[in-house]
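J.: return atomic coordinates for the entry below.
(chains A and B)
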Amino acid sequence: MSLDPNEKVVEDLLYEASARKHLTKKQQAAKNPIIKYLLGAAAAAAVILAFFMLDFPSGNSMEQRMALIEEVHAFPVVAKSRSSQVSIVDNYLVDIQAENYKKVLDKLYGSTLTEKDAFVKAHILFEVGKFNEAQEFLEPYVFKDAYYKEEKQWLLFLIDFQKGNVSEKLIKRLDSLSPDYKLKAQGLLDRHSAEG
Amino acid sequence: MTDEEIISHLKLEARKHDKALSYLFSSAKFKTPVIAFLRNKGVSSNDVDILWTDIVVKFALLVRNGKYEHSEKMLAYIKNLANFVALNYFRDRKKDPTALSNESVADDYQIAYTTNNHFELKDLIDEQLSKIGEQCKNLLLYWAHGYSMKEIMAKFKIISEVATRKRKHSCMKKLLEHVNGDEKMSELLKEYYHELNQAL
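T.: Numbers count the residues shown, from 1 in each chain, chains lettered A, B, ... in the order given. Purely as a prediction, here's the structure:
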């Protein structure tokens, strides 16, 4: 236990200094003329390439696409079920929060899943990079709950985006999204084409 | 990210925290109205980015410390925070107080004490950190940002978690000695600490 009364305040000030450093670095990177030039050049190159490579996955690397996705998507906050129906994931909320996804996923394989379990499973598969498996699992799954239905379409869009399927298929997926997600998706596609 | 997701992620470990922090920082939903608000108040275009960074950081701190209860009015809360930061900005630059016009600042004690003497403390902590050596400084910044001892151990190539803990402890001790030895900072911290206790 701290004996110095200033320690807690100094901790706050240290946090502020570290957060400022993080944001300033981000800001400087965005303003860096060399990076700007490179991004511009890459965008121009992507447009030229697009004429030659219709329907071909974009030049963006998986990491770049993932970084773009991270700006519009986060693992959902999973809370304990209020209904009488208990889901498997209710017993692993701490593990989900700690991102101990492998453990949770192991419990979900081969079990009878509730809609909530299925929803979490799909998100975990996406989070751990098992995009094909997430898609194969999600495509045939029929959710009844409107929220899960909406989330399913969003996740399928993100999977296609992540896999580099920036093509007619992805544009078609836009129509299946709710207005909010449609806006996010459009923003994602715009950023993607701008960053080449 | 929804507002709820931003709040919940700001309370989590460093990686998720940073994701929410970066998102909030670049989100037009918050940034555009707050920047317009600051420019309206008379903050120069050069300083507006610095103030926006400080506002995002202060907001994240309030969330981390459990001082912000999420409601529908997150933007209004951030604007209120911006008002306090702008008030300190003009005070710090000894500008005409009428620059803030006659608008009253909504009464929120948490925001008031968190932003009090903001610019002086920001400069002073940077000054004290520069006295403890680059490695100690970076280690403390990592630790305060929410990285675990294990992560810090790997980052700074320290032999064990116990040794990392010891190193952090000695760096903190060194920093506190400098802080307590600085009369001006000590005074400001006393004031801050007093207000913090009042707010609890």
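J.: figure out the helix or strand that residue B:75 lives in.
T.: helix B:74-92 (DSSP states H and E).
J.: over to residue A:129?
T.: Going by DSSP H and E, residue A:129 is not in any helix or strand.
J.: tell me the confidence at it?
T.: We have a pLDDT of 82 for residue A:129.
J.: around chain B, which positions in chain A sit nearby?
T.: Contact residues (C-beta under 8 Å from any C-beta of the partner chain) of chain A with chain B: A:4-24, A:26-27, A:70-74, A:76-77, A:97. Just so you know, the C-beta spots here come from the backbone N, C-alpha and C atoms, and that holds for glycine as well.
J.: contact partners of the helix holding residue B:75?
T.: Residues from elsewhere that reach helix B:74-92, judged by C-beta atoms under 8 Å, 6 or more residues apart in numbering or on different chains: B:3, B:6-7, B:29-30, B:33-34, B:37-38, B:41-43, B:47, B:51, B:54-55, B:58-59, B:62, B:68, B:71, B:96-97, B:99-100, B:103, B:105-106, B:108, B:111-112, B:115-120.
J.: send me the helix or strand that that helix is followed by as CSV with only the CA atoms.
T.: Per DSSP H and E, helix B:74-92 leads on to helix B:109-115 as the next helix or strand towards the C-terminus. C-alpha atoms of helix B:109-115 as CSV (Å, rounded to 0.1, in the frame of the first residue of the first chain):
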residue,chain,number,x,y,z
TYR,B,109,-17.2,18.7,-9.6
GLN,B,110,-15.4,15.6,-11.1
ILE,B,111,-14.6,17.5,-14.3
ALA,B,112,-13.6,20.6,-12.4
TYR,B,113,-11.0,18.9,-10.2
THR,B,114,-9.7,16.7,-13.0
THR,B,115,-9.0,19.7,-15.2
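J.: on contacts alone, who are the packing partners of helix B:109-115?
T.: Counting contacts by 3 or more C-beta pairs under 8 Å, 6 or more residues apart in numbering or on different chains; DSSP states H and E, helix B:109-115 packs against helix B:45-64, helix B:74-92, helix B:183-199.
J.: one step back: any of the residues of chain A next to chain B buried? List them.
T.: Those of the residues of chain A next to chain B that meet the buried threshold are A:6-7, A:9-20, A:22-23, A:26-27, A:71-74, A:76, by 16 or more other C-beta atoms under 10 Å in any protein chain shown.
J.: now, those residues that are in helices?
T.: Using DSSP state H, the subset of these located in helices is A:7, A:9-20, A:22-23, A:26-27, A:71-72.
J.: quick one, helices of chain A?
T.: Under DSSP H, chain A gives helices at A:7-31, A:33-52, A:62-72, A:93-97, A:101-108, A:115-127, A:131-138, A:146-162, A:168-175, A:179-195.
J.: please point out which parts of the third one sit buried.
T.: If I follow you right, that is helix A:62-72. In terms of neighbour count (16+ other C-beta under 10 Å), helix A:62-72 has its buried residues at A:65, A:68-69, A:71-72.
J.: also the last one?
T.: When burial is assessed from 16+ other C-beta under 10 Å, helix A:179-195 yields the following buried residues: A:181-182, A:184-185, A:188-189, A:192, A:195.
J.: what angle do helix A:168-175 and it make with each other?
T.: 150 degrees (axes from the mean of the first three to the mean of the last three C-alpha atoms, to 10 degrees).
J.: any idea of the mean pLDDT for helix A:179-195?
T.: Taken as a whole, helix A:179-195 has a mean pLDDT of 79.
J.: how about residues contacting stretch A:129-146?
T.: A:115, A:118-119, A:121-122, A:125-126, A:149, A:152, A:155-156, A:159-160, A:162-163.
J.: please redo it, this time with the cut-off set to 7 Å
T.: A:115, A:118, A:121-122, A:125-126, A:149, A:152, A:155-156, A:159, A:162-163 (C-beta atoms under 7 Å, 6 or more residues apart in numbering or on different chains).
J.: top of these by neighbour count?
T.: Highest neighbour count within the contacts of stretch A:129-146, by other C-beta atoms under 10 Å in any protein chain shown: residue A:121, with 25 neighbours.
J.: can you tell me the closest non-neighbouring residue to the residue in chain A that chain B sits nearest to?
T.: Nearest residue of chain A to chain B: residue A:14, at 3.5 Å (C-beta to the nearest C-beta). In space, residue A:14 comes closest to residue B:144 once its chain neighbours are excluded; the distance is 3.5 Å by C-beta to C-beta, 6 or more residues apart in numbering or on different chains.
J.: check contacts around that neighbour.
T.: Counted by C-beta under 7 Å, 6+ apart, residue B:144 has contacts A:11, A:14-15, A:18.
J.: swap in 10 Å and give it another go.
T.: A:10-19, B:168, B:172 (C-beta atoms under 10 Å, 6 or more residues apart in numbering or on different chains).
J.: is it true that residue A:154 touches residue A:72?
T.: Yes: here residue A:154 lies in contact with residue A:72, judged by C-beta atoms under 10 Å, at a distance of 9.4 Å.
J.: shaky segments in chain B?
T.: Across chain B, the ranges flagged by pLDDT under 70 are B:94-107, B:109, B:193-200.
J.: surely residue A:93 touches residue A:116?
T.: No: counting by C-beta under 10 Å, residue A:93 sits too far from residue A:116 to count as a contact (11.3 Å).
J.: show me which of the two is the more surrounded one.
T.: Neighbours around residue A:93 and residue A:116, counted as other C-beta under 10 Å, are more numerous at residue A:116. The numbers are 20 against 15.
J.: before we move on, back to that, and the helices and strands packed on helix B:109-115 as JSON lines, adding distance to residue A:144 and mean neighbour count?
T.: Shown next, in JSON lines, are the helices and strands packed on helix B:109-115 (distance: least, C-beta to C-beta, whole Å; neighbours: other C-beta atoms under 10 Å in any protein chain shown):
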{"stretch": "helix B:45-64", "distance to residue A:144": "35", "mean neighbour count": "20"}
{"stretch": "helix B:74-92", "distance to residue A:144": "31", "mean neighbour count": "19"}
{"stretch": "helix B:183-199", "distance to residue A:144": "47", "mean neighbour count": "15"}
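J.: got those helices as a markdown table, with distance to residue A:137 columns?
T.: A markdown table is the format used below for those (distance: least, C-beta to C-beta, whole Å):
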| stretch | distance to residue A:137 |
| --- | --- |
| helix B:45-64 | 34 |
| helix B:74-92 | 34 |
| helix B:183-199 | 49 |
